[in-house]
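# Build me a model from this:
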Amino acid sequence: MYVLVRTDLTIPQQVVQAAHAAHESGGKFGAPAGCFLIILSVPDEPMLHAWADRLGDSAVLFTEPDLGGAATALATAPFPGKQSLFSRLKLWSPS
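Here you go, the predicted structure:
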């Protein structure tokens with residue numbers, strides 16, 4: 001499972017929003033044994049929406065009510081072998 005989180009949020013918000021998205025994805029798609037969680041970063045909400053559009057029904061876009069319904073993170077269905085799809089995104093780092 002891949003989680004994309006906005007880096008224009010505070011570090012604590014990034015962590016919480018990534019967890020929310022992963023939880024939503026697990027509820028929708030399940031989490032088979034051996035599923036990996038990879039957290040990637042996107043710079044802002046428009047980029048997150050672009051990824052949501054690109055991934056379609058194979059991802060869950062999480063919106064945060066406490067931030068006015070802004071899209072903050074998304075998580076994909078578990079799908080192995082799709083690493084190249086995300087090769088241009090950076091791994092998330094609390095920097």
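# Report how many residues lie close to the nearest residue to Glu64 once chain neighbours are set aside.
Distances taken as CB to CB, 6 or more residues apart in numbering put Thr72 closest to Glu64, at 4.7 Å, once the chain neighbours are dropped. Where C-beta positions appear, they are placed from N, C-alpha and C, glycine not excepted. Using other CB atoms under 10 Å as the criterion, Thr72 is surrounded by 25 other residues.
# What helices and strands are in contact with the helix or strand where Thr72 lies?
Per DSSP states H and E: Thr72 is located in strand 70-76. Strand 70-76 sits against strand 2-6, helix 11-29, helix 45-55, strand 59-64, with contacts defined as 3 or more CB pairs under 8 Å, 6 or more residues apart in numbering; DSSP states H and E.
# can you list those in a markdown table and add distance to Phe36?
Below are the helices and strands packed on strand 70-76 laid out as a markdown table (distance: least, CB to CB, whole Å):
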| stretch | distance to Phe36 |
| --- | --- |
| strand 2-6 | 9 |
| helix 11-29 | 11 |
| helix 45-55 | 17 |
| strand 59-64 | 16 |
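# can you dump the C-alpha coordinates of stretch 64-75 into PDB?
Only the C-alpha atoms of stretch 64-75 are listed here, as PDB (Å, rounded to 0.1, in the frame of the first residue of the first chain):
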ATOM      1  CA  GLU A  64      -9.800  16.300   7.000                       C
ATOM      2  CA  PRO A  65     -13.000  17.900   8.500                       C
ATOM      3  CA  ASP A  66     -10.800  19.900  11.000                       C
ATOM      4  CA  LEU A  67      -9.000  21.500   8.000                       C
ATOM      5  CA  GLY A  68     -12.200  22.600   6.200                       C
ATOM      6  CA  GLY A  69     -12.500  19.400   4.300                       C
ATOM      7  CA  ALA A  70      -9.100  19.700   2.600                       C
ATOM      8  CA  ALA A  71      -7.600  16.600   1.000                       C
ATOM      9  CA  THR A  72      -4.600  15.800   3.100                       C
ATOM     10  CA  ALA A  73      -3.500  12.300   2.100                       C
ATOM     11  CA  LEU A  74      -4.400   9.300   0.000                       C
ATOM     12  CA  ALA A  75      -3.700   5.600   0.200                       C
END
